[in-house]
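Visitor: Show me how the following folds:
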Amino acid sequence: MDFTIFDLILHIDSSLEQMAGELGPLIYGVLFLIIFCETGFVITPFLPGDSLLFVSGALAGSGVLNIWVLLLIIGSAAVIGDTVNFWIGRYAGCKIMEGRLAAFIHKE
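Guide: Residues are numbered from 1 along each chain as shown. You can find the predicted model right below:
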């Protein structure tokens, strides 16, 4: 099965088992990138993070994915992504509140 970038981004949860078979260990890198981007960047809430975690856990339970590697990869992606999101907000938040958009954004 051929995957386009849009399939990979939007529908990874529905074909994760087949992708794991085709990509092998690279599937952990794909999972890291998706979880990192979902938690790390404000503009990527459309990524299927919650359903991806559920399907990944089910695949780990069936032996397709290694649960310990999965926990390490997904946990570190979430923590690193959250840290990046904090620093983006800390830097960009001050710039936005001082700029033209400040009239439309309330601090509360």
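Visitor: Now do I74, the pLDDT please.
Guide: In this prediction, I74 carries a pLDDT score of 93.
Visitor: can you offset everything so residue one is 35?
Guide: All right, first residue 35 from here; so that's I108.
Visitor: Now for it, which secondary structure element holds it?
Guide: helix 101-132 (DSSP states H and E).
Visitor: Enumerate the positions of that helix that are buried.
Guide: Across helix 101-132, burial judged by 16 or more other Cβ atoms under 10 Å covers L104, I107, I108, A111, A112, G115, N119. For glycine as for every other residue, the C-beta is placed from the backbone atoms N, C-alpha and C.
Visitor: Which one of these is nearest to G74?
Guide: G115 (3.3 Å; Cβ to Cβ).
Visitor: ok, that closest one to G91 distance?
Guide: Per Cβ to Cβ, to the nearest Å, G115 is found 19 Å from G91.
Visitor: Also V103?
Guide: 13 Å.
Visitor: if I pick I69, what's in contact with it?
Guide: G83, L86, L87, I108, A111, A112, G115 (Cβ atoms under 8 Å, 6 or more residues apart in numbering).
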